[in-house]
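Engineer: sharing a model prediction with you, sequence too.
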Amino acid sequence: MDGLSVDGLRVSIGGTYIIKDISFNVKRGRIACLLGPNGAGKTTIIKSIMGLMPFSGVIKIDGVPMDPGSNEFKKIVGYVPESPLLFDSLTVEETIQFISSVRGLGSEHSDWIKWLLNAFGLDAQARKLISSLSIGTRQKISIVTALMHRPEVLLLDEPFNWLDIASIVILRELLNKYKDNGRSILMATHMLDVAERLCSEVILINNGAVLNIVDSSELSKDKLEKLVLEETEMDKYVKAVLSGNQ
Ligand SMILES: Nc1ncnc2c1ncn2[C@@H]1O[C@H](COP(=O)(O)OP(=O)(O)OP(=O)(O)O)[C@@H](O)[C@H]1O
């Protein structure tokens, strides 16, 4: 099963490589989690795969090299950015209509979009301006807009941020189903409980490089916390802080 593959990804800013020759793949039917400290490079990896940052390397979907900026790529990929990127002056309804029109979605998508809006409790917000909504509600709209064209590959940057408990459970189960239907999902997260429940493999990142890729069937939550702290050497920092005088 092919899915998403990333080969030799490098990102240079001001002459310094902030992503250094990273390679991994996310097969169909798998969820890979990018885990690592703040500033490790998780968002940069996702943004470069989306074509939002200049990079070198090869991105393939199902074995086919893709140009991240192309329409073909956008049709098969869904993206939830670190913070919702929406137009403040549109209503929720207009936002959905706008994205449907840009993506050329026809009436065959209507039931699925209605289902998504209902699942995240957005029906009642239809006439409200984006600017008037809470950050959690904007995040739900960002998730709906990433899913409405039923993409084969999902790139999610901290998708659970700001969500209430019900939405966390709904998104978690939705992603599980999505994975079981043979899609590939790459997700950056700091939430170890989510990683433990959802991820097929954990890609540990630090200083712009892959430290390790671990199949999560081998990991319990406690082990995952220990693994992330030890592999990134954050354990030394945590010990030093906690053993200091307060
Ligand atoms: N546009 C930019 N200009 C300069 N440096 C950048 C830029 N974007 C990212 N970086 C640097 O690249 C490194 C990786 O940042 P990135 O946002 O990818 O980390 P992250 O793992 O997603 O962190 P977090 O967990 O805090 O979200 C950081 O050192 C950051 O300062």
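Structural biologist: Thanks, I have the structure now. Numbering: from 1, shown residues only.
Engineer: is there proximity between stretch 155-166 and the ligand?
Structural biologist: No. Between stretch 155-166 and the ligand, judged by C-beta under 6 Å from any ligand atom, nothing touches; the nearest distance is 7.0 Å. Where C-beta positions appear, they are placed from N, C-alpha and C, glycine not excepted.
Engineer: buried residues in that stretch?
Structural biologist: In terms of neighbour count (16 or more other C-beta atoms under 10 Å), stretch 155-166 has its buried residues at 155, 156, 157, 158, 159, 160, 161, 162, 163.
Engineer: just those residues now: which is nearest residue 181?
Structural biologist: Distance to residue 181, by C-beta to C-beta, is smallest for residue 156 among the buried residues of stretch 155-166, at 16.1 Å.
Engineer: the closest one: what secondary structure?
Structural biologist: Following DSSP: H, G, I helix; E, B strand; the rest coil, residue 156 is assigned to strand.
Engineer: roughly how far does it sit from residue 92?
Structural biologist: For residue 156, the distance to residue 92 equals 21 Å [C-beta to C-beta, to the nearest Å].
Engineer: just checking, what packs against the worst-scoring helix or strand of the chain on mean pLDDT?
Structural biologist: Each helix and strand of the chain was given a mean pLDDT (mean pLDDT, DSSP states H and E); the minimum falls on helix 221-231 at a mean of 83. Counting contacts by 3 or more C-beta pairs under 8 Å, 6 or more residues apart in numbering; DSSP states H and E, helix 221-231 is packed against helix 192-198, strand 201-206, strand 209-215, helix 234-243.
Engineer: which one of the ones you listed lies closest to the ligand?
Structural biologist: Each of the helices and strands packed on helix 221-231 has some distance to the ligand by C-beta to the nearest ligand atom; the shortest is strand 201-206, at 6.5 Å.
Engineer: contact partners for the residue nearest the centre of the chain?
Structural biologist: What sits nearest the mean C-alpha location of the chain, by C-alpha atoms, centre = their mean, is residue 156, with 1.0 Å. Listed by C-beta atoms under 8 Å, 6 or more residues apart in numbering, the contact set of residue 156 reads 46, 79, 80, 146, 175, 185, 186, 187, 188.
Engineer: ok now do the closest residue to residue 98 other than its chain neighbours, which residues does it touch?
Structural biologist: Closest residue in space to residue 98, ignoring its immediate chain neighbours: residue 90 at 6.4 Å, by C-beta to C-beta, 6 or more residues apart in numbering. By C-beta under 8 Å, 6+ apart, residue 90 lies in contact with 98, 129, 130.
Engineer: ok, back up a step: ok, the contacts of residue 156 vs residue 137, which is closest?
Structural biologist: Checking these one by one against residue 137 (C-beta to C-beta), the nearest turns out to be residue 80, at 14.3 Å.
Engineer: so that closest one makes contact with residue 141?
Structural biologist: No. Assessed by C-beta atoms under 8 Å, residue 80 is found out of contact with residue 141, at 10.4 Å.
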